[in-house]
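Chemist: Take a look and give me a structure for this.
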Amino acid sequence: MRLSIIVVNWNVQDMLDSCLASIFAADLAPGSFEIIVVDSASDDNSVDLVREKYPAVVLLAQAENVGFTRGNNIGLAQARGDYLLLLNPDTEVSGSALGLLVGYLEGNPGVGIVGPHTLNSDGSHQSTRRRFPTLMTGVFESTWLAAVAPAGIEREYRLLETADNDIIMVDWVQGSALMLRRELYRAIGGLDEAYVMYSEELDYCRRAKSAGWQVAYHGGAIITHHGGKSSEQVVAQTLVHFHTSKLRYFRKHHGFGHYISLRCILLLQFAWQLALEAVKGALGHKRGLRAERVRQYWQVLQSGLKAK
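Modeler: Below you'll find the predicted structure:
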């Protein structure tokens, strides 16, 4: 088996259908690949879709929501391929993308992980190539301070000096589509399940590089990532998972000092956002929206953003 494609699904039946259809339409030789769908107790007929429309797919239906990271590890444990692709269900692959990624790994034995050139639903470029984050990156990334972040932080982190169609070595690539070689999986194991979702690919790429492997971005292999359709269903939990995962990364790889400093800054930001939304709601500005945001930010603050 040349390639194993692992898709972890939770309640995105229509997207999963499009994703699987794009894989079967790709330029892959029959019998050279397998698809493994790990379903996290979806209640939207995703399981029935796979069983009835895609009988060739290996379906691992779970009795509970196992989360994105654990779901991928369940799939990895069952995979037989020389190359292993972790693919989000809200993606669609172009005809040549998977073959290009496999071919690149075959031709570059020092590369353990490669990620594709990713597009948004409207065809615009989606940034997926990265350098490792600094503490300043952690402060600004996906917070209300992002709008006032110094331009150099964004440029450095997202490698904006490179072209989207380049093939380059990077520190890490986004996990919506991440291909690794089996030798790497044997060497460092699966994803760290303490990351329920988010930053697990950042951590994995860091572990790969620490073990002597390179990580590459392939600008010629195109996929479309529609983005965040599972996480949109649970906004507050998504905020908690995103920032606790970020904090876990800093604690694990940069020490307790970085972790506690960043945690305090993030909690202060959410407290400020909650107060601001409460004031706007009290003044009568979009009260329904403000009330929902206050509820979400309160749940984040209640969590304490405590990383394991």
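
Chemist: Can you pull up the most central residue in the protein?
Modeler: Gly175 (3.6 Å; C-alpha atoms, centre = their mean).

Chemist: Give me the pLDDT for that residue.
Modeler: Looking at Gly175, its pLDDT is 95.

Chemist: element containing it, please.
Modeler: Using DSSP states H and E, Gly175 maps to neither a helix nor a strand.

Chemist: Excluding chain neighbours, give the residue nearest to it in space.
Modeler: Excluding its sequence neighbours, the residue lying closest to Gly175 (C-beta to C-beta, 6 or more residues apart in numbering) is Glu201, at 3.2 Å. In this view, the C-beta of every residue, glycine as well, is placed from N, C-alpha and C.

Chemist: next helix or strand past whichever helix or strand the one you found is part of?
Modeler: Using DSSP H and E, Glu201 sits within helix 200-210. Downstream of helix 200-210, the next assigned helix or strand under DSSP H and E is strand 214-225.

Chemist: re the thing from before, in this structure the residue nearest to Gly175 contacts Gln174, no?
Modeler: Yes. Taking contacts as C-beta atoms under 8 Å, Glu201 lies within contact range of Gln174: 6.5 Å.

Chemist: what sits against the residue nearest to the centre of the chain?
Modeler: Leu86, Asn88, Glu200, Glu201, Tyr204 (C-beta atoms under 8 Å, 6 or more residues apart in numbering).

Chemist: Straight-line length of stretch 298-308, end to end?
Modeler: Stretch 298-308 has an end-to-end distance of 21 Å (C-alpha to C-alpha, to the nearest Å).

Chemist: got it, and stretch 300-308?
Modeler: Start-to-end span of stretch 300-308 (C-alpha to C-alpha) is 16 Å.

Chemist: Please apply the same query to stretch 19-31.
Modeler: 19 Å.

Chemist: cool, and stretch 161-176?
Modeler: End-to-end distance (C-alpha to C-alpha), stretch 161-176: 22 Å.

Chemist: Let me see the ranges of the helices in the stretch 51-200 of the chain.
Modeler: 68-78, 97-107, 135-140, 151-157, 182-188, 200-210 (DSSP state H, counting those that start in this stretch).

Chemist: Of those, which is nearest Val240?
Modeler: helix 68-78 (14.0 Å; C-beta to C-beta).

Chemist: State the distance from Asn73 to Asp192.
Modeler: 9 Å (C-beta to C-beta, to the nearest Å).

Chemist: again with Gly284
Modeler: Distance from Gly284 to Asp192, by C-beta to C-beta: 46 Å.

Chemist: same question, Gly281
Modeler: Gly281 is 39 Å from Asp192, by C-beta to C-beta.

Chemist: and Leu98, what does it touch?
Modeler: Leu98 touches Leu3, Ile5, Ile23, Ala26, Asp27, Leu28, Phe33, Leu85, Ala221, counting by C-beta under 8 Å, 6+ apart.

Chemist: do the same with Leu3
Modeler: Counting by C-beta under 8 Å, 6+ apart, Leu3 has contacts Leu28, Ser32, Phe33, Glu34, Gly81, Asp82, Tyr83, Leu84, Leu85, Leu98, Val102.

Chemist: In TSV, list those along with distance to Asn165 and pLDDT.
Modeler: Output for the contacts of Leu3, formatted as TSV (distance: C-beta to C-beta, whole Å; pLDDT from 0 to 100):
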residue	distance to Asn165	pLDDT
Leu28	22	96
Ser32	26	97
Phe33	25	98
Glu34	30	98
Gly81	27	98
Asp82	27	98
Tyr83	22	98
Leu84	25	98
Leu85	21	98
Leu98	18	98
Val102	19	98
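
Chemist: about what we covered before: so which of the contacts of Leu98 is the most crowded?
Modeler: Ile5 (28 neighbours; other C-beta atoms under 10 Å).

Chemist: Just to check, that one is in contact with Ile23?
Modeler: Yes. Using C-beta under 8 Å, Ile5 is in contact with Ile23, at 6.1 Å.
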